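In: Just the structure for this:
(one chain, ligands or ions: 1)
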Amino acid sequence: MSGRNLLYLASGGPTPVLNASASAVLQRAREARAASAASRTQLQLPKRILAARDGLIGLRSGELLDTDVLSDAEVLQLAHTPGAVFGTCRTMVAEAPRARARELAGILQVLRRYDIGSVILSGGNGSMDTALQLHRGALEAGWPLAVVGVPKTIDNDIVLTDCSPGFGSAAKYVAASTLEIAHEVAAIANSSTRIYVLEVMGRHAGWLAAASALARREPGDAPHVLLMPEAPVAPAALLQRVERQVASKGWAVVVVAEGARTTDGRRWSELRSELRSEFAGRHRGKHQQLGGAAPVLADWLGRRLKRKARWSVLDYLQRASRHLASQVDFELAIQAGRLAVEAALAGHGGVMVGVRRVAAEQLQAVHWRPWLLPLARVANLEKHLPQRYLLADGMGVSAACLRYLRPLIQGEAYPPYRDGVPDYLPSGRQFPLA
Ligand code: F6P
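Out: Residues are numbered from 1 along each chain as shown. This next block holds a predicted model:
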């Protein structure tokens, strides 16, 4: 390998354990560097461990950061800190062939300038396309570069891997929040709120909404209705269902995925055009901002059923909820980061680290085996809830779905606390340019 340095970059929205993978990348790369220094080989790999400021933005502009300013203790602290320590972005490599070629040529110059031989990119399905383009661009230019993807998304929509680090922790937060909301509403329903609408993220996939059903201990427990992108529901059917629930039990909890739609193709946020939420319909390039269904739905259900309705949108809280991270998820994030470095240093480029589930009777015995998937097989593809995970009326999930989800939220990877709040690395830390 001609390039001797390693570059880490993040892409897309953070997750509660994105920095756990980043920490694992830095730790494993430092170990490899120490080992190669100790073995006195002439080629010390990797000599420098760099990171791109705000992901692709920094890679384009040549703003590479020196990660060695983080002490080993800080790298450990990073593992339990939310966000994306070196920044991340929503930018992708240009689509138009000419613009793409120009952009990749510029990036290649940066990679050569910094003698980069390994790139570890942490991202979702769109970001895996960025990784793939880097891999192909370097191949065409004759620059030996090992690009390895680390899956990361709370949406759980990357194909061919059993799950994506980040999802298990967000799912745990969604399930715990649903459970807590249920207690709250049950307590006050007799004289106040009878309908509660909770909105979760997930883009075009309903995995997070499905995870809210993990809150249920007994049949009939909340959440009572789920609205997921994979199962459009008629507004009249929803109304009837919520009315029945309120009539029989006195209150109802509805969980809506930001990407869910009615049977006539509208987003729930568009249910009453005169009540369009302030969130609805904002666009930023290809990445349309979703969200805003809960306030509209709560208002609509409340007026129609003449009941008090409240709502909340979990929004970034579910991406940043590191204080409630799942131990299983945390470990998968660490494993993916470490393996990515090992694969890159061994020269295996153009791949993403995936996991395969090894099923077991006992929840705690379920485990995952890593494998390397060609980037070309995952880039830009979306994994949705399969039909067998949905109930016939589309407003709930099956036992098979819960069996898939439950192992992912096992265990608590609590961060240490200081003065009553989690002891995270400071947010927005600036790093010197390399
Ligand atoms: O990271 C994925 C995701 O959480 C989606 O579920 C959501 O639609 C999107 O990010 C929101 O991202 P942004 O921060 O760009 O608004």
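
In: contacts, neighbours, all on C-alpha from now
Out: OK.

In: Those residues of the protein touching the ligand, which are they?
Out: Proximity of the chain to the ligand (C-alpha under 6 Å from any ligand atom) is limited to residues 12-13, 153-155, 201-203, 289-290.

In: Output the residues you listed in JSON lines; the columns should cover secondary structure and pLDDT.
Out: Shown next, in JSON lines, are the residues of the chain next to the ligand (DSSP: H, G, I helix; E, B strand; the rest coil; pLDDT from 0 to 100):
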{"residue": "12", "secondary structure": "coil", "pLDDT": "97"}
{"residue": "13", "secondary structure": "coil", "pLDDT": "97"}
{"residue": "153", "secondary structure": "coil", "pLDDT": "98"}
{"residue": "154", "secondary structure": "coil", "pLDDT": "98"}
{"residue": "155", "secondary structure": "coil", "pLDDT": "98"}
{"residue": "201", "secondary structure": "coil", "pLDDT": "98"}
{"residue": "202", "secondary structure": "coil", "pLDDT": "97"}
{"residue": "203", "secondary structure": "coil", "pLDDT": "95"}
{"residue": "289", "secondary structure": "coil", "pLDDT": "67"}
{"residue": "290", "secondary structure": "coil", "pLDDT": "74"}
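
In: Please check those residues and keep the buried ones.
Out: Buried members of the residues of the chain next to the ligand, counted by 16 or more other C-alpha atoms under 10 Å: 12-13, 153-155, 201-203, 290.

In: Make JSON lines out of those and add distance to residue 237.
Out: Converted to JSON lines, these look like this (distance: C-alpha to C-alpha, whole Å):
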{"residue": "12", "distance to residue 237": "36"}
{"residue": "13", "distance to residue 237": "34"}
{"residue": "153", "distance to residue 237": "32"}
{"residue": "154", "distance to residue 237": "29"}
{"residue": "155", "distance to residue 237": "27"}
{"residue": "201", "distance to residue 237": "23"}
{"residue": "202", "distance to residue 237": "23"}
{"residue": "203", "distance to residue 237": "23"}
{"residue": "290", "distance to residue 237": "23"}
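
In: Where does residue 32 fall, secondary structure wise?
Out: Assigned by DSSP states H and E, residue 32 belongs to helix 18-38.

In: So in that sheet, which strands flank whichever helix or strand comes after that helix, and in what orientation?
Out: The first helix or strand that comes after helix 18-38 along the chain, using DSSP H and E, is strand 49-52. Here strand 49-52 has these sheet partners by DSSP bridges: strand 5-10 (parallel), strand 64-66 (antiparallel).

In: Against the ligand, how distant is residue 137?
Out: Per C-alpha to the nearest ligand atom, to the nearest Å, residue 137 is found 26 Å from the ligand.

In: again, but for residue 343
Out: 25 Å.

In: Confirm for me that that residue is in contact with residue 148.
Out: Yes: using C-alpha atoms under 8 Å, residue 343 is in contact with residue 148, at 7.3 Å.
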